[in-house]
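Trainee: Quick one, fold the following:
(chains A and B)
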2 protein chains.
Amino acid sequence: MALSFPDLSGAALNDLVEKLTHYAISNGLVIYPPGFKAYQPSVAPVTLYPTPFPRAQFSKGVAISTKFNELYSRVVVDKSWLKQVIADLSKYDRNFTGMLYKTYLEAEPKIVQPVSLGLFRSDYMLDTVSNSIKQVEFNTVSVSFGGLSPKVGQLHSFLNSQGLYGRPQYYQEADLPTSQSMDGLAKGLLEAVKYYETSEKTASTIVLFVVQPGERNVFDQRAIEYSLFAKGVKSERVEFDKVTSSVKVDSSSKLFYKEQEVAVVYYRSAYAPSEYNHPDSWKARLLLETTKAVKCPSLLVQLSGAKKVQQLLTDRAVLQKYGFLDEELLSTFVRIYPLDSSEQGQIAKKLVFEHSERFVLKPQREGGGNNIYKQDIPGFLRSLDEKEWGAYILMELIVPAVHDNHILRNGEVLDESIVSELGMFGTLLFNETDGTILHNDYAGYLLRSKTSTSNEGGVAAGFGCVDSLYLHD
Amino acid sequence: MALSFPDLSGAALNDLVEKLTHYAISNGLVIYPPGFKAYQPSVAPVTLYPTPFPRAQFSKGVAISTKFNELYSRVVVDKSWLKQVIADLSKYDRNFTGMLYKTYLEAEPKIVQPVSLGLFRSDYMLDTVSNSIKQVEFNTVSVSFGGLSPKVGQLHSFLNSQGLYGRPQYYQEADLPTSQSMDGLAKGLLEAVKYYETSEKTASTIVLFVVQPGERNVFDQRAIEYSLFAKGVKSERVEFDKVTSSVKVDSSSKLFYKEQEVAVVYYRSAYAPSEYNHPDSWKARLLLETTKAVKCPSLLVQLSGAKKVQQLLTDRAVLQKYGFLDEELLSTFVRIYPLDSSEQGQIAKKLVFEHSERFVLKPQREGGGNNIYKQDIPGFLRSLDEKEWGAYILMELIVPAVHDNHILRNGEVLDESIVSELGMFGTLLFNETDGTILHNDYAGYLLRSKTSTSNEGGVAAGFGCVDSLYLHD
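Mentor: Sure thing, here's the model as predicted:
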């Protein structure tokens, strides 16, 4: 049984908030506020307390992390299948999925680096019906908060060990696991650098972070850079829009930035259509894809993160083809339907109008804010031409556990219950041509929480916050 | 010979400023701006580059650190002498020195803890005439920036090792010593806790930080708290004004705060007259002085930091009495004159009107902003009744080295030369009654720099910044 949360109030709450705030600021658990000045960050939105989570379900998430990594490697290696899926999808989402795919097809004959790196995050909610974690999505590009997540765990551990949740320590320290995601993700990048330097017989290479302009979550990314530098690898940051004007590619397709050889291109951008407005955006993507540098992710790996792929992987036959008809994996799946002319699609089109309250409608796009929930779905679908429906998947809603906790945001303690999403980071270095796996590891966790009345959980977008785990039996 | 500074400009400068800013924020090298919100700190003002300093002079400062600690212990142990000095001084500065002294006299018969802790900082400037460090002042209460100083050294080392000052590394890493002052000061507090717990046969005690309300430099203090906690000792913070209403003293004079036994009272406040406006201010000071807790500093130790004592210690006879007629110490002294009726005072009263440009006039008070410089002195003295002059000491101005560097403040790179002040931290645990020294150590350094046009160097006051050392032969 989980302990109920240490619901502090009055002077004890004020003391907790002050100590939390100072610790967060002292340790870089910060984010830039909207319209920021570079020298003035804010405390990242966080929960006051760690949030209960069943130990066995967390352990399961850890255990299947490397399985999911490998499963996705097989999807990518099964190029003809993946290309067909993406080609179909491109019809519905020409401007983005279609352009990513077109760029891949253009790059394909010129690809000189078969090895690619995945820094993945598989996101789950704890479903109260089955008491099991259920996969929300599998993210294959620009997964965030791996740099800040450890700092939240350290923060909650610190507050606990100071006796601020109640004396003596309210939680057992062993029940408060600190995420190793900062070092874990850096380790993944390091593995890719080592592979590159060995195969290219070179040294002193860098990792090139391709970033968004005005990034508010930059301290999350910097934390990974510092961890990487402590492991001996330097990194540089370039805005996606400035790639074409600032990199050089030599005659052997090696990539250089400021005279430094780039071993790994790490995208913390380029995942949303709005980022491709520069005249050279697609040219930049194509250019990088055809260099010797290891991409994190490659275009194919990014495309494998399509919701459509997630939907297809819930099919036992598809799983079996990839050798992953695994009951542990399967136990984390919810029903996901296409909204196309397939048999399943026909069923779904009926279901969604009869029982819209059971579903969420998701487009292919990454990032929060685009999902349509429950009773909003029928009206939304009716506003579209039916042939556009194929751009969406229909997903059974997970009924998540609701917990007592408090979110601290801009100095204000929010007084609502929360729901949480558990992200399991994984790192995978593999050969997209022959399927060889060079490195595959679990890389720490992220717990994001949001007030239970908000549908979306994007932290930087202001709806949610970073949290940490309190494990219970 | 020292390298000239890496005077970056254009894109290289912008890149440096961005990386410096992100590193500073990620690592807690921050301060609250005026009128702050608790969740929104600012980058502490820092130099872009480390500042050159002669290695031999730095080594001398390290070497004499423990000598100065011990010298001041002898001053305090020589109670009748110190009391006479302070009693004289009290005539000129009744409201503060006088009240501190009166409070000490009241406490004296009830003092139950003969052991006190000094966290000192001896401040020097490099005098260009003698090429020797010259002591500006010896601080015995609430010395600041020991928590942030290591972070500046780490910052400059990081930027250097990233090749941002010039590739390959502009400076040799061995020439950029990182101050150990955060751990050094925490170690001093730990020694006092250990002494207390052993002699009182107790455990799980805390250090009570007595602080100012609305402290902007709180992250400097928190850094020491975190270091102390990592060594197993918890700390709490209480505002000076709230001491009387929030502490308890038991029948054996033990001090408690929130049911926790206090081993050490550590003042990061109570050094300026303006802090004693609460009706209970002096009562608070008296109360704490008469508890079993080790005070850092005790009233006598705080009083020993009077400029008058510093002036008297430049007298060879006084130094000899304490067994410290030491050429290394002496080499750091400038001439300091009293402005009283003594023979020296008569000389000084003449000198100051004839050669005011050679002097700075200092009151007894701690903290920046109260000194009178050069040609301002005669007018200032004339505005006072001559019998008030005794409250001041007249100090030969040091002609400090001026260096090329840049201060970064609120995102702005200041384009003026700088002068620097080197502070050497020291920790001393000793018995004020019998003179026994229980612990005496050098505890890291602080380099503060200011634009060479500004006379005052208080960092929090906005005139200066934190810096780090680049040692050269």
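
Trainee: now the helix or strand harbouring residue A:288, how far from the centre of its chain.
Mentor: Using DSSP states H and E, residue A:288 sits in helix A:281-289. With CA atoms, centre = their mean, to the nearest Å as the basis, helix A:281-289 stands 22 Å off its chain's centre.

Trainee: same for it, what does it pack against?
Mentor: Contacts defined by 3 or more CB pairs under 8 Å, 6 or more residues apart in numbering or on different chains; DSSP states H and E place helix A:281-289 against helix A:99-107, helix A:243-246, strand A:247-249. Just so you know, the C-beta spots here come from the backbone N, C-alpha and C atoms, and that holds for glycine as well.

Trainee: ok and the longest one relative to helix A:281-289, angle-wise?
Mentor: Translated: helix A:99-107. Helix A:99-107 and helix A:281-289 are oriented at 50 degrees to each other (axes from the mean of the first three to the mean of the last three CA atoms, to 10 degrees).

Trainee: how about helix A:99-107: buried residues?
Mentor: For helix A:99-107, burial by neighbour count (16 or more other CB atoms under 10 Å in any protein chain shown) applies to A:99, A:100, A:101, A:103, A:104, A:107.

Trainee: Over to stretch A:131-138?
Mentor: Neighbour-count burial for stretch A:131-138 [16+ other CB under 10 Å]: A:132, A:133, A:134, A:135, A:136, A:137, A:138.

Trainee: which residues of the stretch 1-150 of chain A score low on pLDDT?
Mentor: Residue ranges of the stretch 1-150 of chain A with pLDDT under 70: none are present.

Trainee: where exactly do the helices run in it?
Mentor: A:10-26, A:55-77, A:79-92, A:99-107, A:149-161 (DSSP state H, counting those that start in this stretch).

Trainee: Does the residue nearest to residue A:464 when sequence neighbours are not counted belong to a helix, a strand or coil?
Mentor: Counting by CB to CB, 6 or more residues apart in numbering or on different chains, residue A:450 is the residue found nearest to residue A:464 once chain neighbours are left out, at 3.6 Å. Here residue A:450 is recorded as strand under DSSP: H, G, I helix; E, B strand; the rest coil.

Trainee: Residue A:450: how many residues sit nearby?
Mentor: When counting by other CB atoms under 10 Å in any protein chain shown, one arrives at 23 neighbours for residue A:450.

Trainee: Hmm, it is touching residue A:465, no?
Mentor: Yes - using CB atoms under 8 Å, residue A:450 is in contact with residue A:465, at 7.2 Å.

Trainee: okay, and the common contacts of those two?
Mentor: Here residue A:450 and residue A:465 share the contacting residues residue A:407, scored by CB atoms under 8 Å, 6 or more residues apart in numbering or on different chains.

Trainee: could the buried residues of helix A:99-107 go into CSV alongside distance to chain B?
Mentor: Converted to CSV, the buried residues of helix A:99-107 look like this (distance: CB to the nearest CB, whole Å):
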residue, distance to chain B
A:99, 31
A:100, 30
A:101, 35
A:103, 29
A:104, 33
A:107, 30
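
Trainee: Please convert those residues to JSON lines, extending it with distance to residue B:220.
Mentor: Formatted as JSON lines, the buried residues of helix A:99-107 follow (distance: CB to CB, whole Å):
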{"residue": "A:99", "distance to residue B:220": "51"}
{"residue": "A:100", "distance to residue B:220": "49"}
{"residue": "A:101", "distance to residue B:220": "54"}
{"residue": "A:103", "distance to residue B:220": "51"}
{"residue": "A:104", "distance to residue B:220": "52"}
{"residue": "A:107", "distance to residue B:220": "52"}
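
Trainee: In a markdown table: the helices and strands packed on helix A:281-289, plus distance to residue B:90.
Mentor: Shown next, in a markdown table, are those (distance: least, CB to CB, whole Å):
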| stretch | distance to residue B:90 |
| --- | --- |
| helix A:99-107 | 80 |
| helix A:243-246 | 67 |
| strand A:247-249 | 71 |
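
Trainee: Residue B:32: which of those is closest?
Mentor: Closest approach to residue B:32 among those (CB to CB): helix A:243-246, 36.8 Å.

Trainee: if you average pLDDT over the closest one, what comes out?
Mentor: Helix A:243-246 carries an average pLDDT of 97.

Trainee: Against which helices or strands is it packed?
Mentor: Going by 3+ CB pairs under 8 Å, 6+ apart, helix A:243-246 lies up against helix A:281-289.

Trainee: what's downstream of the helix it packs on, the next helix or strand?
Mentor: strand A:294-296.

Trainee: what's the first-to-last distance across stretch A:381-388?
Mentor: Using CA to CA, to the nearest Å, one end of stretch A:381-388 lies 9 Å from the other.

Trainee: Would you verify that residue A:425 is located in a strand?
Mentor: Yes - remark: residue A:425 belongs to a strand, assigned using three-state DSSP.

Trainee: Not counting its neighbours along the chain, what's nearest it?
Mentor: Nearest one to residue A:425, counting by CB to CB, 6+ apart, is residue A:443 at 4.0 Å.

Trainee: buried ones in the one helix or strand the one you found maps to?
Mentor: Assessed by DSSP H and E, residue A:443 sits inside strand A:437-451. For strand A:437-451, burial by neighbour count (16+ other CB under 10 Å) applies to A:439-451.

Trainee: pLDDT score for residue A:465?
Mentor: For residue A:465, the model assigns a pLDDT of 95.

Trainee: you'd agree it is up against residue A:49?
Mentor: No - at 11.8 Å, residue A:465 does not count as touching residue A:49 under the criterion of CB under 8 Å.

Trainee: Can you tell me which residues in chain A are near chain B?
Mentor: Counting by CB under 8 Å from any CB of the partner chain, chain A comes close to chain B at A:18, A:21-23, A:25-28, A:30, A:33, A:37-43, A:158, A:162-163, A:218-219, A:222-223, A:226, A:229, A:234, A:410-411.

Trainee: tally of neighbours for the residue nearest to residue A:146 when sequence neighbours are not counted?
Mentor: The shortest distance from residue A:146 to any residue other than its chain neighbours is 3.8 Å, reached at residue A:181 (CB to CB, 6+ apart). Neighbourhood size, residue A:181 [other CB under 10 Å]: 31.

Trainee: Could you do residue A:346 as well?
Mentor: Residue A:346 has 14 neighbours, counted by other CB under 10 Å.

Trainee: ok, now residue A:353?
Mentor: The local packing of residue A:353 (other CB under 10 Å) involves 12 other residues.

Trainee: so what's the nearest residue to residue A:311 once chain neighbours are set aside bridging to?
Mentor: Leaving aside its sequence neighbours, residue A:311 sits nearest to residue A:336 (CB to CB, 6+ apart; 4.1 Å). Judged by DSSP bridges, the bridge partners of residue A:336 are residue A:395.

Trainee: ok, residue A:336 - contacts?
Mentor: Residue A:336 touches A:307, A:310, A:311, A:314, A:393, A:394, A:395, A:396, counting by CB under 8 Å, 6+ apart.

Trainee: about what we covered before: and the buried residues of strand A:437-451, which is closest to residue B:422?
Mentor: Closest approach to residue B:422 among those (CB to CB): residue A:444, at 42.2 Å.

Trainee: how about the nearest residue to that closest one once chain neighbours are set aside, phi and psi?
Mentor: The spatially closest residue to residue A:444, leaving aside those adjacent along the chain, is residue A:181, at 2.9 Å (CB to CB, 6+ apart). When read as degrees, to the nearest 10, the backbone of residue A:181 gives phi -70, psi -30.

Trainee: Tell me which stretches of the stretch 101-250 of chain A form strands.
Mentor: A:115-127, A:132-139, A:206-211, A:234-239, A:247-249 (DSSP state E, counting those that start in this stretch).
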